[in-house]
Structure formats: structure tokens, C-alpha cells
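Q: A predicted structure for the sequence below; I have some questions about it.
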Amino acid sequence: MWEAQAAFAAEHLVKGQAVTFAGRLEPRAWTEREGNARVAIEVHGVDLEYGAKSRAAAEDGEDAIPA
């Protein structure tokens, strides 16, 4: 489900628009072949709520997010 929400957000959100994101951060650690320790933080989204667009985006005529 998250992939569909992310694709929708990428297509319809505009710069300055408010969003609320819920999810968790999951650390992942590994060692490279050269022996270097590496760490990455993965973001696992659960919910994404869209808020009002910024005044500048509204004035530029950006389309509203469909209901």
C-alpha cells in the first residue's frame, strides 16, 4: 500500500504543501567487502495525510489534490 501512496504523492504534491507522515525508521547495518562498517536508515511509511497547499502554490494555479 505504501508504494501507491508514495507514487500518488510524487505526482500530486506541490512544494510548500503540508503533509503528515506516520511510520517507523528502521536501521540497517552491514560491513562492506573492504571491511568498512556501514549504516542506513530505512523509512517505512504507514500513512500519509495531505494538507492545504501553500499560498504561492495556490496562486500559481497548481491543481488541487483530488478527493
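A: That came in fine, so what should we check first?
Q: where does this protein dip in pLDDT?
A: 1-2, 54-67 (pLDDT under 70).
Q: can you give me the strands for it?
A: In the chain, strands defined by DSSP state E lie at 19-31, 37-50, listed in chain order.
Q: V39 pairs with what?
A: Beta-bridge pairing of V39 under DSSP bridges involves A29.
Q: tell me who's in contact with it.
A: V39 makes contacts with P27, R28, A29, as judged by C-beta atoms under 8 Å, 6 or more residues apart in numbering. The C-beta positions use only the backbone N, C-alpha and C, and glycine is treated the same way.
Q: sorry, back to before: TSV for the strands of the chain, including distance to A7?
A: Shown next, in TSV, are these (distance: least, C-beta to C-beta, whole Å):
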stretch	distance to A7
strand 19-31	15
strand 37-50	11
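Q: tell me which of these sits nearest to E11.
A: With C-beta to C-beta as the measure, strand 37-50 is the member of the strands of the chain nearest E11 (12.0 Å).
Q: CA-only coordinates of that closest one in PDB, if you can.
A: The C-alpha trace of strand 37-50 is given here as PDB (Å, rounded to 0.1, in the frame of the first residue of the first chain):
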ATOM      1  CA  ALA A  37      31.100  -0.600   8.600                       C
ATOM      2  CA  ARG A  38      28.000   1.000   7.000                       C
ATOM      3  CA  VAL A  39      24.600   2.000   8.400                       C
ATOM      4  CA  ALA A  40      21.500   3.100   6.600                       C
ATOM      5  CA  ILE A  41      18.200   4.200   8.000                       C
ATOM      6  CA  GLU A  42      15.100   2.900   6.000                       C
ATOM      7  CA  VAL A  43      11.800   4.800   6.200                       C
ATOM      8  CA  HIS A  44       8.800   2.500   6.400                       C
ATOM      9  CA  GLY A  45       5.700   4.600   5.800                       C
ATOM     10  CA  VAL A  46       2.300   3.600   7.100                       C
ATOM     11  CA  ASP A  47       0.100   6.700   6.500                       C
ATOM     12  CA  LEU A  48       0.400   9.900   4.600                       C
ATOM     13  CA  GLU A  49      -2.200  12.700   5.000                       C
ATOM     14  CA  TYR A  50      -2.300  15.700   2.700                       C
END
